[in-house]
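Q: Pasting the sequence and the predicted model now:
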Amino acid sequence: MILGFDGVVLAFAFAAVFAGTLLQRLAGQGFGMLAAPLIALVAPEVLPAALLYLGIAVGVGSVSVDPKALVLKELPPGFAGRALGAVLAAWLAARLSDPEAIAALVAVVVYLGIALSVIGVRVAITPVSLFSAGTVAGVMGTLTAVGAPPMALLYQHETQRRSTAMQNAFFCWGMLVSVAALGWAGLLTQRSLIFALALLPAVPLALWCARPLATRIVKKTIRPWALGLAGLAATMLVIRLL
């Protein structure tokens, strides 16, 4: 037992992090959308900090796989927006101390992310759209650990290699600035950190398992599965909250 969490809770959370990491590596999104609602089912009090800690490891591991696919000129505006959104969200998070409220917000954000993903609207990738998407992602990601949908909307019509690499880069940066913003607001706890450390082995294990799959799986094939699993997880969370 770790911090009062029994083995069943930790095993469930480990599986959630493993599955989320696998999706993030293969599709450039999915970590927060899948892992956040599942962990909110059993340990809402460690969110969003625990997943943000783990997200740093997921992001670094995913980006390092294919750095040549990055378009460097697109990173600064998106990074700036993500940082601004993280600061705004940290200020708001200081006023959301109820774990149940955060769990409910996670479900809402996941549903919103699914809706954005299936709309299929083509948004031009410009400095303005990158900054705007980054800001929204920063708010969503810092509050709930689900910040991928805005960037996924921008890059959904790009090639799989470019889309995955860019989304993973924004994801990694987003986790870093969200943790920094929550630390600035005094919202990081030792309990969340230890919980994250207990689940950390799931990240390299999932990244290793993803290696043989990355060249075989087409993004359009895995995307419906990712969205379906995220929707199922969010629905389970809503049922528990009712």
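A: Perfect, thanks for sending it.
Q: Once you drop chain neighbours, what's closest to the residue sitting nearest the centre point of the chain?
A: Geometric centre of the chain, nearest residue: Gly32, 3.1 Å, by Cα atoms, centre = their mean. Leaving aside its chain neighbours, Gly32 sits nearest to Val146 (3.8 Å; criterion: Cβ to Cβ, 6 or more residues apart in numbering). Just so you know, the C-beta spots here come from the backbone N, C-alpha and C atoms, and that holds for glycine as well.
Q: what number of residues lie near that neighbour?
A: Using other Cβ atoms under 10 Å, Val146 is surrounded by 31 other residues.
Q: can you check Thr159 too?
A: By the criterion of other Cβ under 10 Å, Thr159 has 11 neighbours.
Q: repeat for Val9
A: Neighbourhood size, Val9 [other Cβ under 10 Å]: 17.
Q: Beyond the helix or strand where Val8 lies, next helix or strand please.
A: Assigned by DSSP states H and E, Val8 falls within helix 7-27. Counting by DSSP H and E, the next helix or strand C-terminal to helix 7-27 is helix 31-42.
Q: sorry, back to before: if I've got this straight, the residue nearest to Gly32 is in a helix?
A: No - using DSSP: H, G, I helix; E, B strand; the rest coil, the assignment for Val146 is coil, not a helix.
Q: Enumerate every residue touching it.
A: Neighbour list for Val146: 32-33, 36, 106, 109-110, 113, 140 [criterion: Cβ atoms under 8 Å, 6 or more residues apart in numbering].
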